[in-house]
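In: here is my input; please provide its structure:
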Amino acid sequence: MGEAAAGARQRSVGRHPVTIGVSSRGRDIEQLDLDAVRAGTGARVVPLDQERNPEHYRQRGIELNGVFVPGGMLNLPGTVTGAGDLVSPDGGGDPAAPRDPDHEPRSPEQAVAWNQRTAFQAALIAQARDGTLPILGVCGGSRCMAQHALRPGEGRGETYLLPEQEASLAQAKGRRSPVPYFVEQQRASGAAPAQKHHNQYYGEPWRIAHDVHVDPESDLGRIIRGEHWRQAIRPAAAAATAGGAAAARGPGSDSDSEDRSAGPASGAGAAAAAAAAAPPPSTIPVNSMHWAAARFHQPSGGPIRESAHDPEDRVVEGWQRTGHPFFHGVQWHPEFAQLPLGHFAHEPHQPHARIMGALGLAATEDQAAKMIQRQARVHLLRLRLRRRAAARRSGSPGGSASSE
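Out: Okay, here's the model as predicted:
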């Protein structure tokens with residue numbers, strides 16, 4: 001799976017362009033999102049108006065093959081502190097509830113806009129979750145996805161404030177801090193700009209903040225290695241399969257002496273060899289501008305798989321909904337890190353380009369599947385018309401010709 005290059009020919013299946021919708025988050029930033037997604041996926045990109053229902057676009061003949069949910073300010077109900085205390089989203093309600101004035105709307109109009117965007121994205125995410133529409137959420141978009149990634153009865157996802165944000169709130173003493181507390185401390189100590197913090201200074205999306213460990217056996221791990229994320233046989237599974245086949249060959253096989261030398265524990269040895277063959281976590285540098293993170297409460301074996309973590313504090317940096325063609329959330333901004341700019345001019349940017357390219361490929365596969373469905377419907381319609389015509393010629397009143 002190669003990286004999508006800016007300026008490459010637009011993705012299409014036949015005469016049907018591959019279309020990815022980008023949830024709106026404000027006019028100025030929106031254009032940056034559109035350009036980044038277009039460059040990274042190679043698809044036609046359309047902004048999604050948060051005042052519209054997602055069904056509105058299908059009715060207008062805009063068939064979405066994928067969705068990109070960007071970061072930005074959202075009113076995410078249910079946000080909690082690290083200890084689990086509910087955060088008041090707008091300073092109202094219980095006066096004793098913790099507040100986050102850094103991320104409260106600054107006017108009633110802004111509050112309405114945030115609520116509209118949150119409700120629109122919730123509907124969009126639920127539509128993707130319950131179907132097969134590919135979707136990628138970054139930063140705040142990932143946290144919004146986390147809150148709607150699980151169906152009722154499957155568990156729940158929630159957003160919580162990171163310790164560094166709680167420290168910033170404590171320092172600000174209930175007021176909006178013009179510069180986050182951890183940035184003030186960084187400047188006062190003369191620390192290098194790349195010192196690890198989840199919420200690096202805004203306005204510098206090409207700054208490396210810290211490393212992330214990606215599970216190599218997850219879909220995200222395969223994506224950043226340039227592989228297709230739904231490949232059937234993985235290296236570790238292939239090793240285990242080979243071990244099982246060797247045990248099944250029996251004493252008459254050509255490699256009988258090798259099998260017997262392994263002894264009765266050959267099956268366990270094969271499993272151990274498979275475990276040893278599993279690649280170590282993939283480490284990639286990321287940009288980081290988030291003040292909160294997502295966590296999940298689900299029974300063992302639930303549909304959410306955590307695919308990436310911060311190696312220092314184990315904050316979930318990437319996750320996916322298993323069983324879905326492409327349902328991923330990451331806490332960093334691959335749409336910006338995919339470009340060889342800033343720190344990424346000297347550090348690997350290809351893994352981030354591959355994440356964006358994977359969204360484009362998943363959208364292409366979605367368009368191909370929909371085209372096959374359209375062709376099948378046309379074929380069935382033509383078949384019914386032929387049967388009706390044959391029935392009329394034979395004089396049978398039914399929908400198909402019959403003989404007595």
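
In: which parts of stretch 364-383 are buried?
Out: Under the neighbour-count criterion of 16 or more other C-beta atoms under 10 Å, stretch 364-383 has 364, 365, 366, 367 buried. For every residue, glycine as well, the C-beta is placed using N, CA and C.

In: on the pLDDT front, check the last one for me.
Out: Residue 367 carries a pLDDT value of 89.

In: and the first one, by the same measure?
Out: At residue 364 the predicted local distance difference test score is 92.

In: quick revisit: so which of the buried residues of stretch 364-383 sit within helices?
Out: Among the buried residues of stretch 364-383, the members falling in helices (DSSP state H) are 364, 365, 366, 367.

In: out of the buried residues of stretch 364-383, which comes closest to residue 135?
Out: If you rank these by distance to residue 135 using C-beta to C-beta, residue 366 comes first, at 10.5 Å.

In: how about the closest residue to residue 63 other than its chain neighbours, what does it touch?
Out: The spatially closest residue to residue 63, leaving aside those adjacent along the chain, is residue 19, at 6.4 Å (C-beta to C-beta, 6 or more residues apart in numbering). Going by C-beta atoms under 8 Å, 6 or more residues apart in numbering, residue 19 touches 43, 44, 45, 46, 62, 63, 64, 65, 66, 363, 367.

In: do residue 46 as well
Out: Contacts of residue 46 (C-beta under 8 Å, 6+ apart): 19, 20, 21, 22, 57, 62, 64.

In: need those in JSON lines with distance to residue 383 and pLDDT, can you?
Out: Below are the contacts of residue 46 laid out as JSON lines (distance: C-beta to C-beta, whole Å; pLDDT from 0 to 100):
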{"residue": "19", "distance to residue 383": "30", "pLDDT": "92"}
{"residue": "20", "distance to residue 383": "34", "pLDDT": "93"}
{"residue": "21", "distance to residue 383": "34", "pLDDT": "91"}
{"residue": "22", "distance to residue 383": "40", "pLDDT": "91"}
{"residue": "57", "distance to residue 383": "31", "pLDDT": "70"}
{"residue": "62", "distance to residue 383": "30", "pLDDT": "76"}
{"residue": "64", "distance to residue 383": "30", "pLDDT": "89"}
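
In: are any of these buried, and if so which?
Out: The neighbour count (16+ other C-beta under 10 Å) marks 19, 20, 21, 22, 57, 64 as buried among the contacts of residue 46.

In: related to what we said a few turns ago, including distance to residue 220, could the ones in helices among the buried residues of stretch 364-383 go into CSV?
Out: CSV is the format used below for those (distance: C-beta to C-beta, whole Å):
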residue, distance to residue 220
364, 19
365, 17
366, 19
367, 23
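
In: closest to residue 118 out of those residues?
Out: Closest to residue 118, out of all of those and judged by C-beta to C-beta, is residue 366, at 25.2 Å.

In: surely the closest one and residue 324 touch.
Out: No: shown here, residue 366 and residue 324 do not form a contact pair, counting by C-beta atoms under 8 Å, at 11.6 Å.
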